[in-house]
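Participant: structure, please.
(chains A and B)
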Amino acid sequence: MRSYSKNKSPLYLIFTFLGGIVLLFIVAPIAGMYLNTSIGSIAETIGNEEVRNSIWLSLWTSMAGTILFSILAIPLAYLLARNKFPLKGLVNAVIDVPIIIPHSAAGIAVLGIITRDSFLGRAADSIGFKFIDNQAGIILAMAFVSIPFLINSARDGFTAVPERLEKIALTLGASPLRVFFTISLPLAWRSILSGFILMWARGMSEFGAVIIIAYNPKTAPVLIFERFTSYGLKYSLPVAGIFVGVCLIIFILMRIVKKKN
Amino acid sequence: MLSVENLSLQVGNFNLSDISFKVDKGDYFVLLGISGAGKSLLLESIAGLIEINSGNIFLREKNIFDEKIQNRNISIVYQSSDLFPHMTVFENIAYPLNCKKESNIKEKVLKAAYHAGIADKLDRKPETLSGGEYQRAAIARSLAAGNDIFFLDEPLSSLDSKSKSELRALLRKINRSGITIIHVTHDYEEAVSLANKIGIIENGKLTHVAAPEEIFKHPKSEFVAKFIGTKNFMRGKLKSIQNSDLKEFIFGEIKIFCLTDIPDGGAYLIISPEEIVISNQVQLSSSRNHFKGRIIDIAPAKLGIEVTVNIGYELVVLVSFDALSSLGLEIGKDVWIDFKASSCKIYN
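Facilitator: Here you go, the predicted model:
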């Protein structure tokens, strides 16, 4: 790797100092969380079935939502990357709406389409299925707040694939579907995987939208909240520490996998 | 094989207008033009990569103007970056065979790779290939596609001279095997060494289609004239003069007397620099053309000195070093230019 001479101007030092404060701001609370928790209490909490179930529930529901919605989101991302159509700017803006609205409001919005008064809720009710206080509702709430990460990342990935390669594949006799699966998707895969990880990570840590839809079964963020409000900081810290640890391990592993790809 | 009729299209502010030409089976047709002339656009529009506004494209006697790209059976090779980067050379060459669900794919890939001279690099990823190897792999893939017509868009532009000449030999071999080639380039030498028919494209218009000898013997564009080193090339109008055997060649504000039997109308004129006389005063002689102008450049030529005189057109005159010093010619000096009506080469 080429090395450049370091900029030794005072500006560089000031920026380093300011940047250091930001990094400290991110790292310190998380580190503090672990420093204030004894190993014994963490071990005891891991042994608690309710804690284990809540973490597992968070992981699999978020993964299910990510997989399920990627089937819908990836084609949309491709359309946004390749096609010009009326109101495309509006569509792009709509995709980002779940990021900017309060997540409790997002939960209420999702609740609106799955209550028994709604079409979807009635249809589900008629076959004896319910979204509220159910894993299906949790999946919807998690997907709603996290899907912009996948769509945006996949769209950027498809945009970066040279259109010429797709056209060359067509001249070689490939159908548009074949071009998508053999050229566009493999070449955009890195960005799609990145969006996939972000959506999953964002979904599993969702609290505001999930608690509106399903207080039970408890996901890890809901359990942390319940322990905090019922028993206080000391009792909620080990659960929080374990869940954050699990999230970090997964996040690091996925980044390694992505880098190797 | 291919017949393009009145093809027009607009991309942004650029137009390809009313383009018509025919390419016979087995032809090596080179579209020659400067960058931005519309060569690649024309190629891509015939291949279906860009939608045309009007016109017809007959390929293998079938109108394909609204045919899907994948059904046109035209192979394209670009200057670079057209191999699929996530596949090996083998997978790239096998791609069209897989699309057509052909059998004996390995055998066919090897055959195409041998033909293109890339059989020893089949396991390599495109990014590890040299420029020449990369283009050979792209050509092998086109061969594997089994199409009888290849479009090549500046395929040799990014290669060193050794690879260029090797690739030219390969392209000639492919053409001799019966594959029709349409090759886009801005390189005059490339055009001459490969084509049996050349089309000159300027500002989105196909201005001249002919055999290479004809194109370069009688250039019809400033662009070609410059390529072949022709000086003093003008495109203007020829007009008869009453009661005279001379004709007037009108080029902007300039009128030049010529001795020619070419009919009146649009024509081209070339005056050889060695046929022009330069002097400090107007000469009384058999020359019918006298112009006053100012020297704007003096540059040594292979033989003698080239003096450029602005007479409303920058006319190049070839003089000896001896004449230059004895006449005291220097930049900024006003001089007289004379040449005979019979020294004007006129054609249409």
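Participant: which SS class is residue 97?
Facilitator: All of this refers to chain A. Secondary structure for A:V97, judged by DSSP: H, G, I helix; E, B strand; the rest coil, is helix.
Participant: number of nearby residues for the nearest residue to it once chain neighbours are set aside?
Facilitator: In space, A:V97 comes closest to A:P148 once its chain neighbours are excluded; the distance is 7.9 Å by C-beta to C-beta, 6 or more residues apart in numbering or on different chains. No exception for glycine: its C-beta is placed from N, CA and C like everyone else's. Taking other C-beta atoms under 10 Å in any protein chain shown as the criterion, the count of residues near A:P148 is 21.
Participant: show the pLDDT at A:P148.
Facilitator: We have a pLDDT of 94 for A:P148.
Participant: that one sits in which helix or strand?
Facilitator: Using DSSP states H and E, A:P148 maps to helix A:135-160.
Participant: how about the residue nearest to A:I114 when sequence neighbours are not counted, phi and psi?
Facilitator: Once flanking residues are discounted, A:I114 sits nearest to A:F131: 3.9 Å by C-beta to C-beta, 6+ apart. Per-residue torsions, A:F131: phi -90, psi -40 (degrees, to the nearest 10).
Participant: tell me how many other residues surround A:F131.
Facilitator: A:F131 is flanked by 25 other residues according to other C-beta under 10 Å.
Participant: my read: it touches A:L140, true?
Facilitator: Yes. In this structure, A:F131 is within contact of A:L140 by C-beta atoms under 8 Å, at 6.6 Å.
Participant: direction included, what does the helix or strand that contains B:E306 pair up with?
Facilitator: Assigned by DSSP H and E, B:E306 belongs to strand B:305-310. Strand B:305-310 has the following sheet partners, assigned by DSSP bridges: strand B:289-300 (antiparallel), strand B:314-319 (antiparallel).
Participant: quick check: next helix or strand after the helix holding A:P148?
Facilitator: Helix A:135-160 is succeeded, C-terminally, by helix A:163-171 (DSSP H and E).
Participant: buried ones in the next helix or strand after that next one, by neighbour count?
Facilitator: Next helix or strand after helix A:163-171 toward the C-terminus (DSSP H and E): helix A:176-179. Buried residues in helix A:176-179, counted by 16 or more other C-beta atoms under 10 Å in any protein chain shown: A:178-179.
Participant: returning to what we had before: between the helix holding A:P148 and helix A:163-171, how many degrees?
Facilitator: The directions of helix A:135-160 and helix A:163-171 differ by 90 degrees, with axes from the mean of the first three to the mean of the last three C-alpha atoms, to 10 degrees as the criterion.
Participant: return the list of helices and strands in contact with helix A:135-160.
Facilitator: Where contact means 3 or more C-beta pairs under 8 Å, 6 or more residues apart in numbering or on different chains; DSSP states H and E, helix A:135-160 is packed against helix A:49-82, helix A:88-100, helix A:103-114, helix A:185-204, helix A:208-213.
Participant: dump stretch A:68-85 to PDB, restricted to CA.
Facilitator: Taking C-alpha atoms only, stretch A:68-85 is exported to PDB below (Å, rounded to 0.1, in the frame of the first residue of the first chain):
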ATOM      1  CA  LEU A  68     -38.800 -12.700   3.400                       C
ATOM      2  CA  PHE A  69     -38.700  -9.100   2.400                       C
ATOM      3  CA  SER A  70     -35.500  -9.400   0.400                       C
ATOM      4  CA  ILE A  71     -37.500 -11.400  -2.100                       C
ATOM      5  CA  LEU A  72     -39.500  -8.200  -2.600                       C
ATOM      6  CA  ALA A  73     -36.900  -5.600  -1.900                       C
ATOM      7  CA  ILE A  74     -34.100  -6.800  -4.300                       C
ATOM      8  CA  PRO A  75     -36.300  -6.600  -7.400                       C
ATOM      9  CA  LEU A  76     -37.400  -3.100  -6.400                       C
ATOM     10  CA  ALA A  77     -33.800  -2.000  -5.800                       C
ATOM     11  CA  TYR A  78     -33.000  -3.300  -9.300                       C
ATOM     12  CA  LEU A  79     -35.900  -1.400 -10.800                       C
ATOM     13  CA  LEU A  80     -34.800   1.800  -9.000                       C
ATOM     14  CA  ALA A  81     -31.200   1.300 -10.200                       C
ATOM     15  CA  ARG A  82     -32.000   0.600 -13.900                       C
ATOM     16  CA  ASN A  83     -35.300   2.200 -14.800                       C
ATOM     17  CA  LYS A  84     -36.500   5.700 -15.200                       C
ATOM     18  CA  PHE A  85     -40.100   6.100 -14.400                       C
END
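Participant: contacts for it?
Facilitator: Residues outside stretch A:68-85 that contact it (C-beta atoms under 8 Å, 6 or more residues apart in numbering or on different chains) are A:88, A:91-92, A:139, A:143, A:147, A:150-159, A:161, A:163, A:180, A:184-185, A:192, A:196, A:199.
Participant: please parse chain B into its domains.
Facilitator: Domain ranges of chain B: B:2-219, B:233-347, per automatic domain parsing.
Participant: and those domains: which comes nearest A:L248?
Facilitator: Closest approach to A:L248 among the domains of chain B (C-beta to C-beta): domain B:2-219, 30.7 Å.
Participant: tell me the mean pLDDT for that closest one?
Facilitator: 88.
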